[in-house]
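**Student:** Quick one, what's the 3D model for this:
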Amino acid sequence: MKDCGGCKELREEFRAKRFGLHHENPSLFVKSQWFRPKFYIFWVVFWMLFYTVMLCLDIHYNLGLDGEYFIYLTNWSYLIQAAHVFIDFGVTVFTHTKRKDIRDGLATGTEWYMKVAWIFFNINNAISLMVTIIYYALLEPKFSHGSINKHLLNTIYTLLSLVFCAKPIQLLHFYQPMIYGFFYLLFSIIYHALGYAPIYSVLDWSKTGTAATLSCLSLFIGIPLMHLVCFSIHTLRVYVSTNTGCSAQKESDNGQVKREITAGDVHLQETARSKQPSMIYTSNAVSPGSQ
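**Tutor:** Numbering: from 1, shown residues only. Predicted coordinates for the structure are as follows:
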């Protein structure tokens with residue numbers, strides 16, 4: 001009985017190498033799933049400008065908070081999302097101008113800056129969804145412009161990115177947002193131990209049992225579940241793209257063909273070079289007899 005393609009791909013997701021940050025097609029990090037690679041530049045420029053403006057406004061309206069600004073998970077995650085946007089912008093522009101071999105699908109290695117961008121992408125995806133769910137489900141939500149921007153628009157951006165971008169998501173990368181979540185929980189414990197008031201009612205460590213239970217549920221179930229949701233959206237996006245024959249997928253296939261042709265040409269050239277000495281020797285050996 002033949003193994004279905006989907007089952008084979010799913011098994012590949014559980015290989016140990018999937019914990020790492022190598023990807024065989026780095027061009028996926030700097031283009032859209034649906035449009036030509038150059039169109040992706042407009043995407044990253046738009047969001048870079050948007051987050052630049054929003055961060056400036058955020059700084060202006062929160063000047064009075066001083067260091068207190070940095071105790072909230074919302075602000076941690078908003079800064080992570082902004083960092084992801086700026087890194088994505090930098091990596092995309094650099095690749096499209098200086099590393100066109102990556103953009104055109106001719107390279108196979110994953111550069112360090114793409115690995116950094118991938119980590120921020122993975123963390124932002126799961127954490128932004130978690131922030132929205134926790135805020136509107138467990139806390140007392142406000143509907144001011146700043147609150148909507150950090151608790152709702154953050155998830156809208158993430159979902160749009162998951163649908164629009166061609167960036168890959170690997171199932172075993174769930175540990176990356178979990179590490180981020182662990183460090184925030186550790187920070188909240190230290191903050192409480194120093195005598196400060198609880199940051200959130202659900203993280204009141206004077207009620208150790210409740211806080212520990214909710215923290216463990218969020219860290220070990222909530223975050224991996226959000227990563228699974230993102231992986232599912234990614235899988236659906238790739239499936240639809242592959243079966244509709246979008247331009248980005250065709251260009252990716254063309255890049256793969258180019259890599260195979262280039263490798264074949266190199267092999268043929270090396271073979272030809274290796275045969276040249278023996279051909280010359282044979283020609284010289286026959287020449288005296290023929291005279």
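**Student:** Mind listing what's buried along the helix or strand encompassing Phe94?
**Tutor:** Per DSSP states H and E, Phe94 falls inside helix 73-98. Under the neighbour-count criterion of 16 or more other C-beta atoms under 10 Å, helix 73-98 has 73-78, 80-89, 91-92, 95-96 buried. For every residue, glycine as well, the C-beta is placed using N, CA and C.
**Student:** Over to stretch 49-59?
**Tutor:** For stretch 49-59, a neighbour-count test (16+ other C-beta under 10 Å) marks 51, 54, 58 as buried.
**Student:** Could you do stretch 56-73 as well?
**Tutor:** Result for stretch 56-73 [16+ other C-beta under 10 Å]: buried residues 58, 69, 71-73.
**Student:** now swap in stretch 205-215 and tell me
**Tutor:** Applying a neighbour-count criterion of 16+ other C-beta under 10 Å, one finds 205, 211, 214-215 buried in stretch 205-215.
**Student:** mean confidence for it?
**Tutor:** Average pLDDT, stretch 205-215: 95.
**Student:** now that stretch, how far from the chain's geometric center?
**Tutor:** The chain centroid and the centroid of stretch 205-215 are separated by 32 Å under C-alpha atoms, centre = their mean, to the nearest Å.
**Student:** Name the residues that touch it?
**Tutor:** Residues from elsewhere that reach stretch 205-215 (C-beta atoms under 8 Å, 6 or more residues apart in numbering): 138, 185, 188-189, 192-193, 198, 202-204.
**Student:** just to revisit the earlier point, and the helix holding Phe94, what other elements does it pack with?
**Tutor:** helix 39-61, helix 100-103, helix 112-138, helix 145-151, helix 153-164, helix 175-193 (3 or more C-beta pairs under 8 Å, 6 or more residues apart in numbering; DSSP states H and E).
**Student:** Please report the distance of Ser144 from Lys150.
**Tutor:** Here the distance between Ser144 and Lys150 works out to 10 Å (C-beta to C-beta, to the nearest Å).
**Student:** Next: Leu160.
**Tutor:** Noted for Leu160: a distance of 16 Å to Lys150, by C-beta to C-beta.
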